[in-house]
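Asks: Kindly generate the corresponding structure for this input.
(chains A and B)
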Amino acid sequence: MTPNGIEILLVEDNPRDVEMTLRALKKHNMVNKVHVVTDGAEALDFIFARGAYAHMDKNQAPKVVFLDLKLPKVSGLEVLRAMKGDERTRSIPVVVLTSSQEEKDMVESYLLGVNSYVVKPLDFDNFVKAIGQIGLYWLVINKPLA
Amino acid sequence: MTWKPLHFVAVAIAGWMNRQQQEAIEYLRTENRILRVNQRVAEAAGKPIGEIEGKPSLEIYPKDSARFYADDLEVIRSGAPKLGFIETLYGPEGQEIWVQTDKVPVCDKDGKAIGIVVMAQDITERKHAEESLKESQLRYSSLFENLLEGYAHCRILFEQDVPRDFIYLEVNSAFEKQTGLNHVVGKKVSEVIPGFHDANRELFEIYSRVALTGEPAKFETQLKSLGIWFSIAVYSHKKEHFVAIFDNITERKLAEDAIKEITAVKSELIAKFNDAEHIAKIGSWEWNLQTNNVWWSDETYLLFGVTKQDFVPGFEENGKFIHPDDFVLYGKSFEHSLRTGEPLNVDLRLIASDGRLKYCHAAGEVIFDDSGQKNRFIGTIMDISEHKWAEESLHKSEERYRNLILNLDAGIVVHAPDTSIVMNNARASELLGISDEQMRGKTAIDPAWRFVNWDDIPLPFDDYPVNRIVNSKSPIKNQIFKIYDPGKNDFVWLTVNGFPVLNNKGEIIEIVISFIDITARKQTEKDIISLNAELENNVAQRTRDLRESQLALLNIVEDLNASNKQVAVVNQSLETTNKELEAFSYSVSHDLRAPLRSVDAYAQMIEEDYAEKLDDEGRRLLQVIRDSAHDMGQLIADLLAFSRLSRKGLQMGRVGMSELVTKTRLQVEQAETGRAIRWDIGELPPAFGDEAMIREALINLLANAVKYTRPRQDAAIGISGRVDGDDVVYCVTDNGVGFDMAYKDKLFCVFQRLHATAEFEGTGIGLALVQRIVQRHGGRVWAEGKVNEGATFYFSLPVKANEEGRM
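Replies: The predicted structure is shown next:
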């Protein structure tokens, strides 16, 4: 448990999708540790502890970032690039969580060093199941850098 | 004059008597009485002094006394001494003694001679010596005079210490004979032979050297001034003197020269002889019939290939070289000649020692001596191989020449100077249509010939080829005319060449005519002319046509350019469209899905959160919402797949269909669990195409098969493939619900379905997708089915690389 208390950073602009994701996380008892940002710029501010989040502890990082690709201001790929391009944040696991099955998005993401690429299932049951598996893996099974 | 010898003598004698033992001195009185003697006289007389002194001279010298006395008286009377008189007397044993006496008168004070003193010297030895000297001198001068060689004793004369001349001191008669010079003694050589010193400087130097050094010399020289050759030996017995003994060897020298010349000439002759034999390839031989020895000249040895060192010729030995087939002939010919004395003339083959075969001609003759006996058998042997070969090749060449003439395609006729035909070849008869017998004897102006000119006028006789040659004595070239061929009863065109053969007097001995039939050529010429005319017409026409075509072509090109521009424009717009489509798909895949998810999610949320407030109907309605959302999602997926297909390019490669089918089967089975399907998969030949797309097609087909066999308990799906020319035809067959063939055309249309969604879910895209994919590979799809009796779907793919199919 981090002092900031944030384990999952959810970067998603669609409020409905946010609600669905949080509901799914809630079903798996992981909702307490989520922080939501709704655009790419805010995401970067949070990650790099600047702007509105300047007060935050720079040395603390979430255990995983759920990143949507289609975002206002700064796109998901740009966020990914910034995070993976910076030594301080490179090691933070990023899971792209997107509706896009476009190959070029996938290729680009992997080239940028994404840790996982998940296409959101249309079926809600499947969606909930997937979120649970992802959360379990990254929060419990995977060992982050201390 | 008062001569007072006594005193003189007495004084002298005193001392003398003691010294000179040899001389005997006597005192004599006028009365011829010996007064005084010395010991020597006593010894000579053989008596003691006492018995001589005072005795008359007669007693002592009985034989000689009278002579003495006469002499003595003469001296006394004259009062003049007589000195050096040489006389003999006899000793006591009667031996002859020579003495040299000096008689001196003794006078008294008045000068009257009263006595005589006789001094006698015993010169017997001297006399003997003189005698033998004289004898030897005689011998010597005898020799000297009789010497064949010339002898000259000379003394060198100097001029300022340089030898310039010599003087003849002594010469013998041989000298005079040899040199032809007389009375030279006492004369200088410069007087006797003027210019001697300059003309014979070397000789002079030798003389000088010998005279000065004493070293003898021997040499031969020619005295140019006399023209005579001498062999000279020079020695010196006394300084500045020399003796030359010389011999006139002119004759010998001439003889030597003559011999040298003869020897040289002889060698030259022998060499020339050998050369001549060698060039002519004739060797000579001589068989001495007495001794049986055989002599061979150098060339004969060469012919046989042996040397004088390693082979001794002989009749039998020589036979070994004769060709075995000619051996008998060899023996017989020689034997015949020997027996009959007739000359030998035979051709024989030799096998020389190096194995070479030589044709030879042997000729010879037996020589008899004076008594008619067979003495020698002499002859030659000539290598005629080259002749033989020349003959052969001449024969061959004649043969070739004959064959050539006979087989030539040109007709050849040879005429005698009177123009009658001597020889012709087969072609000539053929061309003229006359047989060989008919030819012979015909002359050029035989009426049977009918030579006709270009314009059908008969050829004048002078223009006949043979006659032209006879008249001009020079060749003719390419004379063209027609000749009537009696065989064909038609004219034949000929081109004629000919030449005269002249002897060395310039007279014609033969006329050779050759001609070829150019009738065909003439015809061809006519044809060519008419063809040419035709061609020109054709060409004109073609040119016109061509120009028209060109114009048409130009138009087409312009149209094409315009089309190309249009195509480019269309392409451009197509690209734009493609880009727009891509954007569209992306949008669809992302933006459409999100709300759809929401619909399903929120419906679920209602169901979960308000479960107790909902009745069955309420739950059913929610389920409908969820199902619809699900359907829409599927539709979107299919549409996306369909459009992606159009956008992507094909990545062609070898596709292992068996493996692909295995993978897709598993995938499809996983989607529909809990069913027992019997799969019947045959050997599937590989195809050539885009693996991803073919996989997509297969998934759709297999999924369909699985779906439509759901009502069956014993669902069976079969997959097979076979090569058919350039394609492989695969088929997926099932025992499902099948379809009505009446609707087979609708099967592959987009969104067209043959079943209600309630029966079987589906969007109606699957088969359209399959068709799209297969057609892009240049293949075909088709299906067969019967309602409730299953369906079979076929599709063909190329076996190897094919151009991309139509879009």
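
Asks: From here on, just use CA atoms for contacts and neighbour counts.
Replies: Fine.

Asks: any idea how chain B splits into domains?
Replies: For chain B, automatic domain parsing gives the domain ranges B:5-129, B:147-248, B:281-389, B:408-517, B:527-621, B:648-798.

Asks: So which residues on chain A come close to chain B?
Replies: A:R16, A:D17, A:M20, A:S99, A:S100, A:Q101, A:E102, A:P121, A:L122, A:D123, A:F124 (CA under 8 Å from any CA of the partner chain).

Asks: Might you report the residue contacts of the last one?
Replies: Spelled out, it's A:F124. For A:F124, the contacting residues are B:R597, B:D600, B:A601, B:Q604, by CA atoms under 8 Å, 6 or more residues apart in numbering or on different chains.

Asks: repeat that for 7 Å
Replies: Residues near A:F124 by CA atoms under 7 Å, 6 or more residues apart in numbering or on different chains: B:R597, B:D600, B:A601.

Asks: Just give me the least confident of those residues.
Replies: pLDDT across those is at its lowest for B:R597, which sits at 87.

Asks: Helix or strand: which one has that one?
Replies: Element membership of B:R597 [criterion: DSSP states H and E] is helix B:593-609.

Asks: Export that helix to PDB, keeping only CA atoms.
Replies: The C-alpha trace of helix B:593-609 is given here as PDB (Å, rounded to 0.1, in the frame of the first residue of the first chain):
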ATOM      1  CA  ARG B 593     -18.500  -0.100 -30.000                       C
ATOM      2  CA  ALA B 594     -18.300   2.000 -27.000                       C
ATOM      3  CA  PRO B 595     -22.000   2.900 -26.800                       C
ATOM      4  CA  LEU B 596     -22.900  -0.600 -27.600                       C
ATOM      5  CA  ARG B 597     -20.900  -1.800 -24.600                       C
ATOM      6  CA  SER B 598     -22.700   0.800 -22.600                       C
ATOM      7  CA  VAL B 599     -26.100  -0.600 -23.700                       C
ATOM      8  CA  ASP B 600     -25.200  -4.100 -22.600                       C
ATOM      9  CA  ALA B 601     -23.500  -2.900 -19.500                       C
ATOM     10  CA  TYR B 602     -26.300  -0.700 -18.200                       C
ATOM     11  CA  ALA B 603     -28.900  -3.300 -19.000                       C
ATOM     12  CA  GLN B 604     -26.900  -5.700 -16.900                       C
ATOM     13  CA  MET B 605     -26.600  -3.100 -14.200                       C
ATOM     14  CA  ILE B 606     -30.400  -2.600 -14.100                       C
ATOM     15  CA  GLU B 607     -30.800  -6.300 -13.900                       C
ATOM     16  CA  GLU B 608     -28.300  -6.600 -11.100                       C
ATOM     17  CA  ASP B 609     -29.200  -3.500  -9.100                       C
END
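
Asks: Run through the neighbouring helices and strands of the helix or strand just after it.
Replies: Past helix B:593-609, further along toward the C-terminus, the next helix or strand under DSSP H and E is helix B:616-647. Counting contacts by 3 or more CA pairs under 7 Å, 6 or more residues apart in numbering or on different chains; DSSP states H and E, helix B:616-647 packs against helix B:593-609.

Asks: Please state the offset of the helix it packs on from the chain centre?
Replies: Distance, stretch centre to chain centre, for helix B:593-609: 110 Å (CA atoms, centre = their mean, to the nearest Å).

Asks: Show me what counts as buried in that helix.
Replies: B:593-604, B:607 (16 or more other CA atoms under 10 Å in any protein chain shown).

Asks: what about whatever residue of the stretch 1-150 of chain B ends up closest to chain A, how many neighbours?
Replies: Nearest residue of the stretch 1-150 of chain B to chain A: B:E149, at 141.7 Å (CA to the nearest CA). Neighbourhood size, B:E149 [other CA atoms under 10 Å in any protein chain shown]: 21.

Asks: tell me the phi and psi of it?
Replies: B:E149 adopts backbone torsions of phi -80, psi 150, taken as degrees, to the nearest 10.

Asks: Name the nearest residue to residue 90, ignoring sequence neighbours.
Replies: Picking chain A for this. The shortest distance from A:R90 to any non-neighbouring residue, by CA to CA, 6 or more residues apart in numbering or on different chains, is to A:K84 (4.3 Å).

Asks: not quite, I wanted chain B
Replies: B:Y90's closest residue in space is B:E96 (CA to CA, 6+ apart), at 4.8 Å.

Asks: I'd say that neighbour and B:D64 touch.
Replies: No: using CA atoms under 7 Å as the test, B:E96 is too far from B:D64 to be in contact (11.7 Å).

Asks: Serialize the residues of chain A next to chain B to a markdown table and add fields for distance to A:W138, pLDDT and secondary structure.
Replies: Output for the residues of chain A next to chain B, formatted as a markdown table (distance: CA to CA, whole Å; pLDDT from 0 to 100; DSSP: H, G, I helix; E, B strand; the rest coil):
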| residue | distance to A:W138 | pLDDT | secondary structure |
| --- | --- | --- | --- |
| A:R16 | 23 | 89 | helix |
| A:D17 | 20 | 90 | helix |
| A:M20 | 19 | 92 | helix |
| A:S99 | 20 | 83 | coil |
| A:S100 | 22 | 76 | coil |
| A:Q101 | 22 | 75 | coil |
| A:E102 | 24 | 78 | coil |
| A:P121 | 19 | 88 | coil |
| A:L122 | 22 | 85 | coil |
| A:D123 | 22 | 88 | coil |
| A:F124 | 21 | 90 | helix |
